[in-house]
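> Quick one, what's the 3D model for this:
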Amino acid sequence: MRVLLDTVTFLWAVKTPERISKKAMAVLAEPQTVREISAVSVSEMAIKWAIGKLGISRSEVEEGVADLQLRVLPYNAMHAFRMFALPMHHADPFDRQIIAQAMVEEIPVVTADRVFHAYQGLKVIW
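Sure thing, here's the model as predicted:
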């Protein structure tokens, strides 16, 4: 099974893993699970770090990606074009990109964000 961690889930997994639900942790702990993080999440963290809204550095993000054995999923034109069909349930542009990416890739998103559930056809694990 492939799963896509949203940005907050990644941050919690690195800094406060006890905040992640038991169900999500069980999926992430499965040896056969392919754990991915979007390149969009990496960009989001870099931007928020640069403007002082996030206290995690590039080296900590790289270390977290390695420790959690995550693949970084590139964001491409197919993902971007999928956003044209997304209803405006979620206003956050980074989350909208992650949602579109997961829908195109047909993989569930590991997130505590309840708004993700509003997108028909998107599987959410929490």
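
> And for the closest residue to Asp6 other than its chain neighbours, the neighbour number?
Nearest in space to Asp6, with sequence neighbours left out and distances taken as Cβ to Cβ, 6 or more residues apart in numbering, is Thr111 at 4.1 Å. Every residue, glycine included, has its C-beta placed from N, CA and C. Using other Cβ atoms under 10 Å, the number of residues around Thr111 comes to 24.

> so who does Thr111 touch?
Contacts here follow Cβ atoms under 8 Å, 6 or more residues apart in numbering; on that basis Thr111 touches Leu5, Asp6, Val8, Thr9, Val124, Ile125, Trp126.

> In what element of secondary structure is the spatially closest residue to Ile20 that is not a sequence neighbour found?
Nearest residue to Ile20, sequence neighbours excluded (Cβ to Cβ, 6+ apart): Trp12, at 5.4 Å. Take DSSP states H and E as the rule and Trp12 turns out to sit in helix 7-15.

> Give the other helices and strands that that helix contacts.
helix 39-50, helix 58-67, helix 93-105 (3 or more Cβ pairs under 8 Å, 6 or more residues apart in numbering; DSSP states H and E).

> so which of the ones you listed is the most packed in?
Most buried of these, by mean neighbour count (mean count of other Cβ atoms under 10 Å): helix 93-105, with a mean of 22.

> Next SSE downstream of that one?
Per DSSP H and E, the first helix or strand lying C-terminal to helix 93-105 is strand 109-110.

> which residues sit against that following strand?
With Cβ under 8 Å, 6+ apart as the contact definition, strand 109-110 has outside contacts at 3-6, 9, 24, 27-28, 98-99, 102, 116, 122-126.

> now whichever helix or strand comes after it: how far from the chain's centre is it?
Using DSSP H and E, the helix or strand that follows strand 109-110 towards the C-terminus is strand 124-125. Distance, stretch centre to chain centre, for strand 124-125: 11 Å (Cα atoms, centre = their mean, to the nearest Å).
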